[in-house]
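Trainee: Any chance you can model this:
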Amino acid sequence: MPNRLANENSPYLLQHANNPVDWFPWGAEALTKARAENKPIFLSIGYAACHWCHVMEHESFEDPAIAELMNRHFVNIKVDREQRPDLDSIYMAATVSMTGQGGWPMSVFLTPDLQPFYAGTYFPPVPRHNLPSFRDLLTGISRAWQEERAEVDKVAANVSAHLQRQNTSTDSGIILSQKLLDSAAKYLHDNYDWGFGGWGSAPKFPQPMTIDFLLRRGLSPDLTPDLTPNPSPRRRGEPALHALKAMARGGMYDVVGGGFSRYSTDNHWRVPHFEKMLYDNAQLVRAYLHAWQITGEPFYRRIVEESLDFVLRELTDPQGGFYSSLDADSEGVEGKFYVWDAPEIEQTLSDDWDFFKAAYGITAQGNWEGRTVLQRALDDATLSARFALPEAGVAAKLAESHRKLLAAREKRIRPGLDDKILTGWNGLMLSAFAEAARALEMAGNGVSEAKSEISHSKYLRAATRSAEFLLREMRPDGKLCRTWRAGKTSPEVFLEDYAALTLGLLDLYETDFDNHWFAAAQELADEMITRFA
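Mentor: Below you'll find the predicted structure:
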């Protein structure tokens, strides 16, 4: 029998609508019940494309015995972090403060007055990897609530006080000076991973804003960090360019269908966490676009066009908005839609198999759980020499192979689609399409002129339809809202929604110079100041 989530509009909440858990959405009904019955709240926060969210649902939330424990001792609330980034931010801060790490699914236990006293992420159904079983955790917390309430309240008060201090200790008086920017750029250069690209260790995230910062710094005439004497713009942005190439040649980039997965599970960008998020791709497209504008290298332009074409093909609503994400899983298996067996590739490509096998280093054993995540092993110059082809011929041959594999892959069962439309994320993608259209319009030359014009028109049309949709559908009562799905909106809205949409409209105005977009951006900016200043 469906629970209360059956009446919600979020795909993530609807995924849990048939759990035996008596889930509540976040709201007055659940919070009133917790206070009236003096029960702790179990707050579970996740999102539709999250692999480990699916795992915990299947292992625990679909288990009748575990559900009975949850229903008897707790008021259980499900939250879609993409719909409610405010709640996600608050309770992620609590989770990190208590455990030193965070992630999703986020599992937080609260007092009825919403103070967190225990937190974690994924919990298994049986003890493993130094984690308690979820069943044992529920039993232990219920016992502590009943028998050690004073200690629980003390922990909750201490955590809340710590979060309050964190929230008020931020130095709002920091001035974004040239010296501070120089120090940031130098730190990023000094801590760059020249072996594999990027920053930090596994899991490795793409960090498009960091990359874009370095690219833009590379163009600044007053850049002064101690890197090299009078470095050229390209040299100053070299870590950014190196990172972009490393990511696009690794498994995180979908060479068959375009677009990036959310992050790499290893240091080498080899094996992705297979979910594809709209906001990641919007920001990465702009970083690759800026790299192309700086260097003129076709490599970066190709990634831009393939990624935008992926969004048009797989994440675009018929009315013009952009969907939120594609799941990591299909048929209950992580990455199944995206990985390959060598015989399947050979059968699909036929005469081009040897060439493609060399390009991607494909073996019978595969490179991930017995299957293959496609990632470049040889560059175009090496393939050109080995197969006696001009480099342009190498690129064309690879592109044709990708088209054949895409056609074969389209016959598979697809990953789940989160088809809600978020204003903030759509604003980011609106900027990406508008800026790409503008850059491609200016780029036409020689044999590529016709292709540039086609892409320019296609991307400008996508940006225009997106802007029209957002201004029409996301303001049902004249005030902006965050979420739309199947004709229904939710009342919440956040600063990021106003900011991203305003910037997206300005990017579109700078592309087609239609004053309508400028006026709409100005109106939103005024409304944003009224609501948030």
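Trainee: CA atoms for contacts and neighbours, from now on please.
Mentor: OK.
Trainee: Tell me how far the residue lying closest to residue 276 once chain neighbours are set aside lies from residue 273.
Mentor: Nearest non-adjacent residue to residue 276, counting by C-alpha to C-alpha, 6 or more residues apart in numbering: residue 261, 4.6 Å away. Look at residue 261 and residue 273: by C-alpha to C-alpha, to the nearest Å, they are 6 Å apart.
Trainee: ok, now residue 521?
Mentor: Distance, residue 521 to residue 273, using C-alpha to C-alpha: 36 Å.
Trainee: just residue 42 next, same as before
Mentor: Residue 42 sits 27 Å away from residue 273 when distances are taken as C-alpha to C-alpha.
Trainee: Would you list the phi and psi of residue 106?
Mentor: phi -90, psi 130 (degrees, to the nearest 10).
Trainee: residues contacting it?
Mentor: Contacts for residue 106 (C-alpha atoms under 8 Å, 6 or more residues apart in numbering) come out as 43-46, 92, 95, 119-122.
Trainee: Just the buried positions in stretch 367-377, please.
Mentor: Residues of stretch 367-377 classed as buried under the neighbour-count rule (16 or more other C-alpha atoms under 10 Å) are 367, 371-376.
Trainee: The helix or strand of the chain with the lowest mean pLDDT: what's the following helix or strand?
Mentor: In the chain, the helix or strand scored least confidently by mean pLDDT, DSSP states H and E is helix 233-236, which has a mean of 56. From helix 233-236 onward toward the C-terminus, using DSSP states H and E, the following helix or strand is helix 238-249.
Trainee: Identify all contacting residues around the helix or strand just after that following helix.
Mentor: Once helix 238-249 ends, the next helix or strand along the chain (criterion: DSSP H and E) is strand 263-264. Under the criterion C-alpha under 8 Å, 6+ apart, residues 202-206, 251-252, 270-274 lie in contact with strand 263-264.
Trainee: hmm, 10 Å instead?
Mentor: Contacts to strand 263-264, defined as C-alpha atoms under 10 Å, 6 or more residues apart in numbering, come from residues 201-207, 247, 250-253, 269-276, 280.
Trainee: residue ranges for the strands of the stretch 301-450 of the chain, please.
Mentor: Assigned by DSSP state E, counting those that start in this stretch, the stretch 301-450 of the chain shows strands spanning 325-326, 329-330, 333-334, 417-418, 421-422.
Trainee: Can you lay out these as JSON lines showing mean pLDDT?
Mentor: Below are the strands of the stretch 301-450 of the chain laid out as JSON lines (pLDDT from 0 to 100):
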{"stretch": "strand 325-326", "mean pLDDT": "98"}
{"stretch": "strand 329-330", "mean pLDDT": "96"}
{"stretch": "strand 333-334", "mean pLDDT": "95"}
{"stretch": "strand 417-418", "mean pLDDT": "98"}
{"stretch": "strand 421-422", "mean pLDDT": "99"}
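Trainee: could those be laid out in JSON lines, adding distance to residue 128?
Mentor: Output for the strands of the stretch 301-450 of the chain, formatted as JSON lines (distance: least, C-alpha to C-alpha, whole Å):
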{"stretch": "strand 325-326", "distance to residue 128": "29"}
{"stretch": "strand 329-330", "distance to residue 128": "23"}
{"stretch": "strand 333-334", "distance to residue 128": "20"}
{"stretch": "strand 417-418", "distance to residue 128": "31"}
{"stretch": "strand 421-422", "distance to residue 128": "37"}
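Trainee: Pipe the ones you listed into a markdown table and attach distance to residue 111 and mean neighbour count per row.
Mentor: Converted to a markdown table, the strands of the stretch 301-450 of the chain look like this (distance: least, C-alpha to C-alpha, whole Å; neighbours: other C-alpha atoms under 10 Å):
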| stretch | distance to residue 111 | mean neighbour count |
| --- | --- | --- |
| strand 325-326 | 33 | 26 |
| strand 329-330 | 34 | 20 |
| strand 333-334 | 35 | 14 |
| strand 417-418 | 31 | 19 |
| strand 421-422 | 31 | 26 |
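Trainee: Residue 193: which of these is closest?
Mentor: Nearest of the strands of the stretch 301-450 of the chain to residue 193, taken as C-alpha to C-alpha: strand 333-334 at 27.9 Å.
Trainee: counting contacts, what elements does that closest one pack onto?
Mentor: Secondary-structure packing of strand 333-334 (3 or more C-alpha pairs under 10 Å, 6 or more residues apart in numbering; DSSP states H and E): helix 51-56.
Trainee: buried ones in the helix it packs on?
Mentor: Neighbour-count burial for helix 51-56 flags 51-56 (criterion: 16+ other C-alpha under 10 Å).
Trainee: got it, and stretch 61-81?
Mentor: 61-62, 66-67, 70-71, 73-81.
Trainee: Which of these fall in helices?
Mentor: Taking DSSP state H as the definition of helices, these contribute 66-67, 70-71, 73.
Trainee: Quickly find the element holding the nearest residue to residue 305 once chain neighbours are set aside.
Mentor: Using C-alpha to C-alpha, 6+ apart and skipping residues adjacent in sequence, the residue nearest residue 305 is residue 455, 7.7 Å away. Assigned by DSSP H and E, residue 455 belongs to helix 449-473.
Trainee: Show me what that helix is packed against.
Mentor: The helices and strands touching helix 449-473, judged by 3+ C-alpha pairs under 10 Å, 6+ apart, are helix 298-314, helix 423-443, strand 483-485, helix 495-512, helix 515-532.
Trainee: what does stretch 327-334 contact?
Mentor: Contact with stretch 327-334 is made by 47-52, 54-55, 58, 261-262, 272-277, 335-338, 412-418, as judged by C-alpha under 10 Å, 6+ apart.
Trainee: In PyMOL, how would I select the buried members of these?
Mentor: Command for PyMOL that selects the buried part of these, burial taken from 16+ other C-alpha under 10 Å:
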select buried, resi 47+48+49+50+51+52+54+55+261+262+272+273+274+275+276+277+335+336+337+338+414+415+416+417+418
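Trainee: which one of the buried residues of helix 51-56 sits closest to residue 151?
Mentor: Nearest to residue 151 among the buried residues of helix 51-56 is residue 56, at 28.6 Å by C-alpha to C-alpha.
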